[in-house]
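Enquirer: next come a sequence and a model predicted from it.
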Amino acid sequence: MAVAEAAREPEIFVVSDGTGDTATAAVGAALTQFASPLRVRNFGEVRSESDVRRVMGLAAEAGALVVFTLVEEGLARVVEERGRELSVPTLDLLGPLIATIAAHGSLEPQHRPGLLHRFSEGYFARVEAVEFAVRHDDGANLHTLFDADLVLTGVSRTSKTPLSMYLAQRGYKTGNVPLVPGMDPPRELLDLDPRKVFGLVVDESTLLEIRRARVRALRASPYLTYADPEGVSQELRRTRRLFRQRGWRIVDITARAVEENASRILELHQAPRREPAAG
């Protein structure tokens with residue numbers, strides 16, 4: 001028996017009333033400080049006393065440490081009581097933090113199971129949105145562009161990529177499609193619901209300055225139409241005309257930070273769409 005006990009590898013049980021993903025991540029972060037990480041087992045959706053007793057019995061058999069995030073005080077007490085009875089060490093990750101915040105802010109916690117899970121869902125939704133923005137940057141993967149929440153389009157150097165990534169961080173799957181002089185806009189862009197497409201424009205002199213700096217950085221010919229005043233003017237006129245024809249909302253990004261432009265896009269996106277007046 002002594003040999004078997006000595007050979008048993010230590011384990012950590014993560015017990016949660018939600019998915020347990022956040023608590024497991026916290027335990028994983030702590031384990032990075034150790035050369036020989038312990039095995040971690042996740043027990044999610046633990047919401048009754050019978051569930052707690054079952055898991056604590058397993059923990060006693062395994063000689064495990066129980067790390068738990070149970071917001072219902074009664075269940076948390078059962079974990080601690082059963083831990084003392086079965087000589088199972090326990091650690092409450094959430095209870096002391098909730099109590100401290102409640103005391104500091106004179107607040108009453110909700111003690112509703114699953115709220116932490118919804119936080120995790122929001123986090124993973126943002127991760128998915130960022131991955132989408134990366135895959136659909138600069139006109140890539142047009143065949144799945146219809147899955148976007150928002151699509152930005154405009155001529156070169158109108159901050160399409162920075163804006164896409166910022167909006168993705170806010171949880172919006174955002175693609176961006178460049179408009180190239182001498183080429184028709186891709187059919188996938190034209191077929192989108194116009195309510196999700198935003199045309200980006202910028203002051204002509206500002207765009208010219210940005211493009212000239214880009215040309216210098218690339219050590220390209222200064223006579224390229226890319227940085228030619230007349231060429232830039234024509235591009236902007238054509239794009240404004242296209243935006244109006246397609247019914248895409250226009251956002252002027254001139255002299256505004258990415259955060260400001262993103263807020264403007266979301267404001268337009270969330271506002272009720274006005275139908276054109278009859279006659």
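Expert: Great, that's in hand. Residues are numbered from 1 along each chain as shown.
Enquirer: domain assignment for the chain?
Expert: The chain breaks down into these structural domains: 2-113, 127-270 (assignment by automatic domain parsing).
Enquirer: a markdown table for these, including mean pLDDT?
Expert: Output for the domains of the chain, formatted as a markdown table (pLDDT from 0 to 100):
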| stretch | mean pLDDT |
| --- | --- |
| domain 2-113 | 85 |
| domain 127-270 | 93 |
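Enquirer: mind putting these into CSV with mean neighbour count?
Expert: For glycine as for every other residue, the C-beta is placed from the backbone atoms N, C-alpha and C. Conversion of the domains of the chain to CSV gives the following (neighbours: other Cβ atoms under 10 Å):
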stretch, mean neighbour count
domain 2-113, 16
domain 127-270, 17
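Enquirer: where does Met165 land in three-state SS?
Expert: With DSSP: H, G, I helix; E, B strand; the rest coil as the basis, the three-state label of Met165 is helix.
Enquirer: surely Ile12 is within a strand?
Expert: Yes. Membership of Ile12 in a strand is supported by three-state DSSP.
Enquirer: partners of it in the sheet?
Expert: The residues listed as beta-bridge partners of Ile12 by DSSP bridges are Val40, Leu65.
Enquirer: that one and Val27 touch, don't they?
Expert: Yes. When contacts are counted by Cβ atoms under 8 Å, Ile12 is listed as touching Val27 (5.9 Å).
Enquirer: got any residues that touch both of the two?
Expert: Residues within reach of Ile12 and of Val27 at once, by Cβ atoms under 8 Å, 6 or more residues apart in numbering, are Val40, Val67.
Enquirer: leaving out chain neighbours, which residue sits closest to the residue nearest the centre of the chain?
Expert: Closest to where the C-alpha atoms of the chain average out (Cα atoms, centre = their mean) is Arg126, at 1.3 Å. With sequence-adjacent residues excluded and distances taken as Cβ to Cβ, 6 or more residues apart in numbering, Arg126 is closest to Gly171, at 4.9 Å.
Enquirer: now name the helix or strand holding that neighbour.
Expert: For Gly171, there is no host helix or strand (DSSP states H and E).
Enquirer: cool, and Glu209?
Expert: Secondary-structure assignment from DSSP H and E places Glu209 in helix 204-218.
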